[in-house]
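Enquirer: A predicted structure for the sequence below; I have some questions about it.
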Amino acid sequence: MSRTPILLAWSSGKDSAWALHTLRRSSDLEVVGLLTTVSSPYARVSMHAVRFDVLEAQADAVGLPLLPVEIPAPCSGDEYEKAMSRSMERARAEGVAGVAFGDLHLADVKTYRERQLARVDLLAFFPLWGRAPRALAEEMIASGLRAWITCVDPRVMTRADAGAAFDRNFLDRMHGDVDYCGENGEFHTFVWDGPMFRRSVPVARGPVVERDGFVFADLLLAGTRRLERVS
């Protein structure tokens with residue numbers, strides 16, 4: 001039986017990685033590419049601030065082609081939607097039936113994604129929808145998923161969390177109303193190993209900087225000497 005070809009919205013973080021792991025066990029959907037928004041002035045993943053060469057190494061490690069969507073910085077909502085629409089129209093023309101997302105429980109975000117894809121006759125899939133964040137985070141860690149915290153919102157997290165490992169110690173340090181998967185933007189991650197990988201991504205942690213109200217931990221491919229500022 002043929003499987004339906006879809007793209008996966010790929011942030012380089014744990015939720016999209018776990019969505020890939022879930023979808024690969026699906027009997028009817030096949031992820032054929034990773035769709036990532038990249039800030040064109042800085043060549044980094046939007047919000048996660050992961051360098052493009054690190055992102056490429058990650059995509060290679062999971063064995064899927066990377067489909068970057070370049071957006072300006074700063075980027076208005078209109079500019080973002082136009083860039084995504086162009087990419088989605090190309091994907092549909094190449095036979096892709098829809099896009100999957102790693103969203104858990106933000107209903108307004110889910111509705112927005114469904115509406116935008118419907119405009120170009122594509123379907124939206126949410127393989128992690130409704131999962132409890134703490135239980136899901138613990139399942140990820142227990143499976144062997146390994147990730148670094150690349151960005152934190154210092155209004156709800158501590159600066160020291162930037163560059164920390166996403167592990168049980170990290171979960172145990174969380175407090176108050178912080179979502180254990182960072183669903184509200186409290187933190188972002190970069191996954192370098194796990195059950196969805198063919199091999200681990202050799203990354204080393206670089207400097208931590210604060211910019212535009214967020215704290216970023218840079219990541220470099222192992223052996224790379226340049227240590228530029230996170231933009």
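Expert: Cool, the structure landed. Only a predicted model underlies this, so the values are computations on that prediction, with no experimental measurement involved.
Enquirer: helices and strands around the strand ranked longest in the chain, which ones?
Expert: Counting by DSSP state E, the longest strand found in the chain is strand 29-39. On a contact count with 3 or more CB pairs under 8 Å, 6 or more residues apart in numbering; DSSP states H and E, strand 29-39 meets strand 4-9, helix 14-24, strand 44-45, helix 52-62, strand 66-71, helix 77-93, strand 98-100. C-beta coordinates here come from the backbone N, C-alpha and C atoms, glycine included.
Enquirer: Let me have these in TSV, adding mean pLDDT as columns.
Expert: Compiled in TSV, the helices and strands packed on strand 29-39 are given as follows (pLDDT from 0 to 100):
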stretch	mean pLDDT
strand 4-9	97
helix 14-24	97
strand 44-45	92
helix 52-62	97
strand 66-71	92
helix 77-93	90
strand 98-100	97
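Enquirer: okay, the ones you listed, which one's buried deepest?
Expert: Across these, averaging neighbours per residue (mean count of other CB atoms under 10 Å) puts strand 44-45 on top, at a mean of 24.
Enquirer: show me where pLDDT drops low in the chain?
Expert: Along the chain, the model assigns pLDDT under 70 to residues 1, 223-231.
Enquirer: Quick check: can you list the domain ranges of this protein?
Expert: Following automatic domain parsing, one gets these domains for the chain: 4-125, 133-221.
Enquirer: pretty sure Val156 is in contact with Gly176, am I right?
Expert: Yes: assessed by CB atoms under 8 Å, Val156 is found in contact with Gly176 at 7.4 Å.
Enquirer: Name the residue in those two with the higher neighbour count.
Expert: Val156 (18 against 6; other CB atoms under 10 Å).
Enquirer: and the gap between the closest residue to the more buried one other than its chain neighbours and Phe126?
Expert: Closest residue to Val156 apart from its sequence neighbours, by CB to CB, 6 or more residues apart in numbering: Glu186 at 5.1 Å. For Glu186, the distance to Phe126 (CB to CB, to the nearest Å) stands at 20 Å.
Enquirer: got it, and Val209?
Expert: Distance from Val209 to Phe126, by CB to CB: 33 Å.
Enquirer: Thanks again, I'm all set now.
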